[in-house]
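Novice: Pasting the sequence and the predicted model now:
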Amino acid sequence: MDLEKQLASEEFDIGRHMKHVAFHYDGSTELKQHKKRVQGVADQTAQKLKQNVYQNYALFIDTSKEISSLEAEMYQLSHLLHEHEVLTHSLQALTVTEDDRSGTQAESAEKHEKQSIASLLEMVEGCSSITEVHGRYLVHSSHLVELDQESYEAVQLVRAFLLNDSLMIGSLIKKRRGPVRYRFEALYELDNMAVVDVKDTDVVQNAFKILMFPDSHLYQAERLDSKREWIGLLDSTKQKHKAAREAVKPDASIFTRRRVGSVDQEWEKLRGEMRQAEGMSADWLKDVPETLDVYIAQREFGQAVTLIEETKAHLKDFSDSHALRDVRARLNHRTNLLSKVLMKELEASPSGSLRGGPRAARRAVGLLLRLGRSAKACELFLENHSQIIRRGLDDVKMEGTTSLYIGNLSSAFFDGLHNAASEFVRAFGENNGSYSAFVVWCHNQLRYFTRKSVPLIFSNVQSMGKPAECLAVAFKECDTLTSIGIDLTFALRNLYHPYVYQAIDATRNHIIEEVGAKPEDPQKKDSKKEVSEKDSKKDSESKKEDSTEKSAEGGGKSNPDDDEQGSWSPLDLRNDQPRLAAIVIDMENQGISDFRNLIYDGGVVDLSFTTVRFCKLMLNFMNDVMRFYYPEILELFIDCFSNIFESVMERYVRALEKSLVMVESISGDARFVCDTVLPCVGAKVNEFTGKNLQELVELHTRLKTKLEECIRKKSQSANLEPGPGAAMRVDAQEFGEEEEEEEE
């Protein structure tokens with residue numbers, strides 16, 4: 001028997017089957033094969049089930065819709081049964097003369113009808129439009145507790161006001177003193193409202209439900225008699241209002257009024273009254289609120305908006321009479337309800353995407369624009385895209401270098417702006433009044449992006465390498481928006497400018513400090529890596545002995561010539577050829593093509609370590625700034641540029657004035673910086689900016705004059721008298737001869 005049929009049989013017994021398997025299958029191989037067959041049957045069954053689900057998906061949707069409509073019909077049936085019950089009780093009350101309860105309710109209703117609706121203005125905030133309807137008065141009011149329909153937990157304390165044509169709900173304002181203690185929350189028309197009595201259970205008691213498609217609310221009264229009073233008053237007031245509406249008919253006496261004044265005036269007045277009577281007697285106006293409720297419940301929003309437009313166009317030609325004022329109030333209520341439903345369509349889902357996708361969002365925006373809700377539609381549209389963009393930025397993982405992360409972050413952000421702009425143009429079209437709001441929104445999103453990226457780009461800045469790479473990537477991604485007519489580059493530069501200023505200033509200070517620091521001998525650094533620990537200890541001991549001997553001979557003072565020679569002596573890289581090759585390639589790439597001419601003896605650079613390091617720092621600084629250059633930082637860069645060269649040249653001048661034996665080396669380094677490095681950097685800046693900066697020419701002239709003046713003075717003093725080094729060597733020689741004579 002086939003295993004699939006055996007498992008699908010109604011007589012299948014799992015216990016008997018397992019006994020059969022244990023009895024007939026001895027080895028593990030057979031059990032594994034049987035397990036595979038069972039697993040295969042399970043996979044086939046799952047696949048068939050999935051196919052059935054796909055095939056019956058449309059049927060499932062239709063069934064769900066039918067269930068929803070059936071539920072609505074059940075609510076209506078329950079409401080009709082309740083009305084029938086109330087009508088039966090009222091008929092019995094007419095035959096029984098001594099029905100105390102009915103008499104009490106009738107007296108209470110008549111008493112409440114006399115209450116003035118003007119008292120609502122002293123109690124409820126934001127209900128001024130409710131009191132403007134002619135003929136509206138207060139029937140009953142009391143406190144109710146709104147309950148959650150699923151958990152039956154208290155949501156808030158409200159006060160319900162039953163009017164002769166509607167039910168108004170006001171929420172309690174906490175911590176409010178004075179007569180106005182409630183805020184207007186909702187208004188439900190009695191014609192489209194149903195009341196359902198909720199049976200008392202252990203969880204909820206004295207509750208009744210208000211059905212107002214597509215919403216429903218559950219309220220709880222304080223006592224059972226209060227609940228019954230509310231239900232009775234709601235039903236009786238609804239019936240009275242319905243009877244009053246049916247009794248209102250066009251006044252036929254307008255056609256038989258007496259002529260007053262001229263014939264033309266009387267005829268124009270008569271024509272206006274005829275149009276007014278025709279508008280009031282239109283039968284389809286009475287069905288507009290109910291038809292709109294059906295359209296909203298069936299999510300046929302386009303037809304609902306069309307019906308609202310047709311009704312407003314019809315009512316526009318008639319005066320604001322009492323009868324048409326009620327129709328307009330009911331129409332405005334349905335318009336507000338439809339607007340709220342459409343606004344929910346624009347709300348972002350928890351996953352950060354629009355409900356129903358971009359097409360549904362565009363459809364909702366178009367309908368809101370037709371309803372005159374352009375400002376709210378624009379606000380919700382942009383707010384939802386803000387959530388989408390921020391969710392996309394949060395999803396970017398920080399992996400690799402900072403520049404890679406900033407690149408991914410910029411790509412996600414500006415792609416989100418690009419999509420938002422495209423959808424905005426397609427949704428709002430020719431509604432030009434909304435584009436200014438979109439521009440302001442873009443600036444707000446840029447501020448959020450810079451707040452998120454600035455701590456990563458400008459943290460612990462000592463060079464412009466990392467900020468330059470990150471800013472170049474961000475500006476490049478921002479330029480992609482120009483393809484759709486949006487240029488936010490200036491705004492992005494303006495947001496980054498204070499941090500760029502600080503970074504350039506910090507880099508300038510770092511370069512000046514690095515050039516002023518005492519260099520480390522590269523030969524000593526390499527020897528530390530090559531020798532063993534034992535040899536290094538011996539070297540350190542021998543160095544200590546030499547230093548003690550020198551200090552003893554020199555009276556405990558270091559030789560200034562040795563310090564000077566270490567700072568300004570030529571850079572010896574004969575034992576480090578890879579480093580020498582890297583320096584040569586770097587200098588040639590930076591624009592100093594004749595750097596190889598400064599190398600002699602197979603690896604000695606005719607420049608000091610200080611000068612070589614300054615050249616690399618300065619050229620890298622210039623290249624980094626030029627990677628993200630924009631005109632607003634040109635003045636700042638030129639100031640820092642001039643300040644760095646002036647500080648370095650000042651150090652060369654002080655070294656020349658104090659020099660004893662390294663005058664030629666220092667002057668050569670200074671001339672190389674002034675005549676080679678400075679013009680090279682200036683030429684690159686002029687080429688990149690497209691300007692012939694006169695400030696750089698003046699800087700070169702000023703530094704050149706200062707250097708040559710210092711060298712001329714130094715040479716004159718050297719020709720007139722022996723140098724300080726020679727005098728010191730003569731004194732040392734005489735001091736040595738005197739010591740030899742004393743020993744003899």
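Specialist: Ah, there it is. These figures come from a predicted structure and were not determined experimentally.
Novice: So which other helices or strands are in contact with the helix or strand hosting residue 578?
Specialist: When elements are defined using DSSP states H and E, residue 578 is found to belong to helix 577-589. Contacting helix 577-589 under the criterion 3 or more CB pairs under 8 Å, 6 or more residues apart in numbering; DSSP states H and E are the following elements: helix 609-627. Placement of C-beta: from N, CA and C, glycine included.
Novice: mind redoing it with 10 Å?
Specialist: helix 522-530, strand 570-572, strand 599-600, strand 604-608, helix 609-627 (3 or more CB pairs under 10 Å, 6 or more residues apart in numbering; DSSP states H and E).
Novice: Can you give me the neighbour number for residue 665?
Specialist: The number of residues packed near residue 665 is 21, by other CB atoms under 10 Å.
Novice: Sorry, wrong one. I was asking about residue 212.
Specialist: With neighbours defined by other CB under 10 Å, the count for residue 212 comes to 17.
Novice: my read: it touches residue 196, true?
Specialist: No - at 11.5 Å, residue 212 and residue 196 do not qualify as touching, with contact defined as CB atoms under 10 Å.
Novice: okay, residue 369: pLDDT?
Specialist: Listed pLDDT for residue 369 reads 81.
Novice: list the contacts for residue 457?
Specialist: If you count contacts by CB atoms under 10 Å, 6 or more residues apart in numbering, residue 457 has them with 402-403, 406, 450, 466-471, 474, 496, 499-500, 503.
Novice: how far away is it from residue 409?
Specialist: Look at residue 457 and residue 409: by CB to CB, to the nearest Å, they are 10 Å apart.
Novice: Over to residue 472?
Specialist: Distance, residue 472 to residue 409, by CB to CB: 14 Å.
Novice: that older thread, would TSV of the helices and strands packed on helix 577-589 with mean pLDDT and mean neighbour count be doable?
Specialist: Formatted as TSV, the entries for the helices and strands packed on helix 577-589 read as follows, by pLDDT from 0 to 100; neighbours: other CB atoms under 10 Å:
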stretch	mean pLDDT	mean neighbour count
helix 522-530	42	11
strand 570-572	83	20
strand 599-600	85	14
strand 604-608	85	20
helix 609-627	86	21
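Novice: right, and the ones you listed - which one's nearest residue 56?
Specialist: helix 609-627 (60.5 Å; CB to CB).
Novice: Okay, angle between the closest one and helix 577-589 too, please.
Specialist: Here the directions of helix 609-627 and helix 577-589 differ by 50 degrees (axes from the mean of the first three to the mean of the last three CA atoms, to 10 degrees).
Novice: Helix 609-627 to strand 604-608, inter-axis angle?
Specialist: Using the same axes, to 10 degrees, helix 609-627 lies at 80 degrees relative to strand 604-608.
Novice: so after helix 609-627, what's the next helix or strand?
Specialist: The helix or strand immediately downstream of helix 609-627 is helix 634-658, counting by DSSP H and E.
Novice: returning to what we had before: which of the contacts of residue 457 sits closest to residue 682?
Specialist: residue 468 (19.5 Å).
Novice: tell me what the helix or strand that contains that closest one is packed against?
Specialist: Assigned by DSSP H and E, residue 468 falls within helix 465-479. Using 3+ CB pairs under 10 Å, 6+ apart as the contact criterion, the elements in contact with helix 465-479 are helix 402-428, helix 435-457, helix 489-516, helix 609-627.
Novice: can we see that at 6 Å?
Specialist: In terms of contacts (3 or more CB pairs under 6 Å, 6 or more residues apart in numbering; DSSP states H and E), helix 465-479 is packed against helix 402-428, helix 489-516, helix 609-627.
Novice: Name the stretch among those helices that sits most buried.
Specialist: Burial among these, expressed as mean neighbours by mean count of other CB atoms under 10 Å, is greatest for helix 609-627, which shows a mean of 21.
Novice: how big is the angle separating that helix from helix 634-658?
Specialist: When the same axes, to 10 degrees is applied, the directions of helix 609-627 and helix 634-658 differ by 170 degrees.
Novice: can you give me how far helix 609-627 is from the chain middle?
Specialist: Here helix 609-627 shows a centroid-to-chain-centroid distance of 38 Å under the convention CA atoms, centre = their mean, to the nearest Å.
Novice: Return it as CSV; C-alpha atoms alone will do.
Specialist: As requested, the backbone C-alpha atoms of helix 609-627 are provided in CSV (Å, rounded to 0.1, in the frame of the first residue of the first chain):
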residue,chain,number,x,y,z
PHE,A,609,64.1,65.5,8.4
THR,A,610,62.1,68.5,9.5
THR,A,611,61.9,69.9,6.0
VAL,A,612,60.9,66.6,4.4
ARG,A,613,58.2,66.1,7.0
PHE,A,614,56.9,69.6,6.5
CYS,A,615,56.7,69.1,2.7
LYS,A,616,54.7,65.9,3.1
LEU,A,617,52.3,67.4,5.6
MET,A,618,51.7,70.6,3.7
LEU,A,619,51.2,69.0,0.3
ASN,A,620,48.8,66.4,1.8
PHE,A,621,46.9,69.2,3.6
MET,A,622,46.5,71.1,0.3
ASN,A,623,45.4,68.0,-1.6
ASP,A,624,42.9,67.1,1.1
VAL,A,625,41.3,70.5,1.1
MET,A,626,41.1,70.6,-2.7
ARG,A,627,39.1,67.3,-2.7
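Novice: any idea of the mean pLDDT for the helix holding residue 468?
Specialist: 89.
Novice: Please enumerate residues in contact with it?
Specialist: Where contact means CB atoms under 6 Å, 6 or more residues apart in numbering, the residues beyond helix 465-479 that reach it are 402-403, 406-407, 410-411, 414, 457-458, 488-489, 492, 503, 624, 627-628.
Novice: Just the buried positions in it, please.
Specialist: Buried residues in helix 465-479, counting neighbours by 16 or more other CB atoms under 10 Å, are found at 465-475, 477-478.
Novice: will you turn those residues into JSON lines that also has distance to residue 83?
Specialist: Listed next are the buried residues of helix 465-479 as JSON lines, based on distance: CB to CB, whole Å:
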{"residue": "465", "distance to residue 83": "81"}
{"residue": "466", "distance to residue 83": "76"}
{"residue": "467", "distance to residue 83": "75"}
{"residue": "468", "distance to residue 83": "78"}
{"residue": "469", "distance to residue 83": "76"}
{"residue": "470", "distance to residue 83": "71"}
{"residue": "471", "distance to residue 83": "73"}
{"residue": "472", "distance to residue 83": "75"}
{"residue": "473", "distance to residue 83": "70"}
{"residue": "474", "distance to residue 83": "68"}
{"residue": "475", "distance to residue 83": "70"}
{"residue": "477", "distance to residue 83": "65"}
{"residue": "478", "distance to residue 83": "65"}
